[in-house]
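J.: the following block contains a protein sequence and its predicted model.
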Amino acid sequence: MSDIMLEMQGVSKKFRRGQLHDSLRDLIPALTRSLFTRRNGDSLGQQEFWALKDVSFQVKRGEAMGIIGPNGSGKSTILKILTGIMNPTSGEKLVNGSLSALIEVGAGFHPDLTGRENIFLNGTILGMKRREIRAKLDDIIEFSGLREFIDTPVKRYSSGMYARLGFSIACHVDPDILVVDEVLSVGDWAFQNRSMEKMQSIVNGGATVIFVSHNLKAVTTLCDRALFLEHGEVKALGPAHEVADQYISRVARQAESQTSTDKDAFIESVRLLTDSGDLSLVTPGQKATVEVTIRAPRCREPLAVAIAFRDEDYSMFFYVDSARLLSEALTLGPDETRTLRFGLDMHVAPGSYFLNVALTRPDVDELLDHKAPALKFVVHSDVDVRGVANLYPRLEMS
């Protein structure tokens, strides 16, 4: 039996903008052009674009792969091709086993049926036998947390309730392959945790998971590998933490590539300092300064500079902005440069961390510029301390 459960080889997908025609008068010329204009499969016609371009990857049995990227990068198109909702323009796909998918809230539900009735309907669509659904019914209802509403028509459900019921059904199919889109983000915190644990148990049981999410912490926690898509092309494929780092770095470079002349106000530089100068290696408890220099050539309104620290799982553990610390408004003239210095005691446990910086207009909550990450630094200690904070443990025994 092959260990390859999912595979794409050179898959591309072409779409046409404004594919729906307003009238018969618009449709006839379009059909005429398509009949008499010959193109090879790699070329683009008028109003066409590549949603995916030459995408290749393999996912093995028992492996979880995350798919990350900005909106419009092609993530949903990959899922629709994998699940058979659409066919690629070119290239080949392989699906080796039963596949259960949750890629759209409420897909496969009938709004006038109750939650209980939709379990049978959706379970059947996903390939479950009726007796299997009956045997798992209580587990599905319990996992969803919707027992109180299970006999209510789902048209009265919120989007979060839809997602909880849909995922509960999908993950109880016992599929060879589970495909989950960002729809889990509409569930509450407790349900998201249960869902992550359930997906992990599915992977531990030998199944394969494809997980699409903007939540990099969730991707790096669950997934062995990740695929980074941008404009339909693969930008990175490899270990999840490495790909997530590449994604963050690329976003930061793109933000920096916008010239300062394009911005009303911008961050000119960011440094992490001690008495010895710039540093990338910190010891717990060391005093440090985050130095941020800003300019505002076309913004006379009050500004605020925010700094935030994130760990390798991309969880933010510290945030502060200048508006909370300054007694007067921060404003700049068109030719002024202002440097803000945030003094910090780095009571942080050993590990690698990221510093993010943002420049905002706090009165209207407008983001003017950001660097995410502005830099990466490492905290080193000879004492093995776990977590984020270093509370300087001392031990006495009597």
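T.: Cool, got the structure. No experiment lies behind these values; they were computed from the predicted model shown.
J.: quick one: contacts for the residue lying closest to F149 once chain neighbours are set aside?
T.: Nearest residue to F149, sequence neighbours excluded (Cβ to Cβ, 6 or more residues apart in numbering): G115, at 6.3 Å. C-beta coordinates here come from the backbone N, C-alpha and C atoms, glycine included. Taking Cβ atoms under 8 Å, 6 or more residues apart in numbering, we find G115 in contact with 141, 144, 146, 149-152, 154, 157, 165.
J.: closest one of these to N96?
T.: Lowest distance from N96 to these (Cβ to Cβ) belongs to L165, with 28.4 Å.
J.: any idea which helix or strand carries that closest one?
T.: Element membership of L165, judged by DSSP states H and E, is helix 159-171.
J.: per-residue confidence averaged over that helix?
T.: Helix 159-171 shows an average pLDDT of 87 in the prediction.
J.: part of a strand, is F49?
T.: Yes - with DSSP: H, G, I helix; E, B strand; the rest coil as the criterion, F49 is assigned to a strand.
J.: what about this protein, any weak spots by pLDDT?
T.: Residue ranges of the chain with pLDDT under 70: 1, 17-46, 104-106, 182-189, 252, 254-261, 275-279, 364-365, 384-386, 390-398.
J.: would you tell me which helix is longest in it?
T.: Criterion DSSP state H: the longest helix present in the chain is helix 240-257.
J.: what distance separates it from the middle of the whole chain?
T.: Offset of helix 240-257 from its chain centre (Cα atoms, centre = their mean, to the nearest Å): 13 Å.
J.: can you check stretch 359-378 too?
T.: 19 Å.
J.: and stretch 160-172, by the same measure?
T.: Taking mean C-alpha positions (Cα atoms, centre = their mean), stretch 160-172 and its chain are 20 Å apart.
J.: alpha carbons only: can I get that stretch in PDB?
T.: Output in PDB follows, covering the C-alpha atoms of stretch 160-172 (Å, rounded to 0.1, in the frame of the first residue of the first chain):
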ATOM      1  CA  GLY A 160     -20.400  29.100  14.800                       C
ATOM      2  CA  MET A 161     -23.100  26.500  15.500                       C
ATOM      3  CA  TYR A 162     -23.000  25.500  11.800                       C
ATOM      4  CA  ALA A 163     -19.300  25.000  12.000                       C
ATOM      5  CA  ARG A 164     -19.400  23.000  15.200                       C
ATOM      6  CA  LEU A 165     -22.000  20.600  13.900                       C
ATOM      7  CA  GLY A 166     -20.200  20.300  10.500                       C
ATOM      8  CA  PHE A 167     -16.800  19.600  12.000                       C
ATOM      9  CA  SER A 168     -18.300  17.100  14.500                       C
ATOM     10  CA  ILE A 169     -19.800  15.100  11.700                       C
ATOM     11  CA  ALA A 170     -16.700  15.300   9.500                       C
ATOM     12  CA  CYS A 171     -14.300  14.200  12.100                       C
ATOM     13  CA  HIS A 172     -16.500  11.200  13.100                       C
END
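J.: mind listing the helices for this structure?
T.: With DSSP H as the criterion, the chain has helices at 24-36, 75-82, 115-125, 130-144, 159-171, 189-204, 216-222, 240-257, 322-325.
J.: for V379, find the nearest of these.
T.: For V379, the closest of those is helix 240-257, at 17.2 Å, according to Cβ to Cβ.
J.: flag every buried residue along that closest one.
T.: Residues 240-241, 243-248, 250-252 are the ones in helix 240-257 that count as buried (16 or more other Cβ atoms under 10 Å).
J.: same check, this time on stretch 136-144
T.: 136-137, 140-141, 143-144.
J.: just to revisit the earlier point, so which of the contacts of G115 comes closest to K263?
T.: For the contacts of G115, the closest approach to K263 (Cβ to Cβ) belongs to Y157, at 43.5 Å.
J.: what is the neighbour count of that closest one?
T.: By other Cβ atoms under 10 Å, 21 other residues sit near Y157.
J.: helices and strands around the longest helix of the chain, which ones?
T.: Contact analysis of helix 240-257 by 3 or more Cβ pairs under 8 Å, 6 or more residues apart in numbering; DSSP states H and E lists strand 64-68, helix 216-222, strand 225-230, strand 233-239, strand 366-379 as its packing neighbours.
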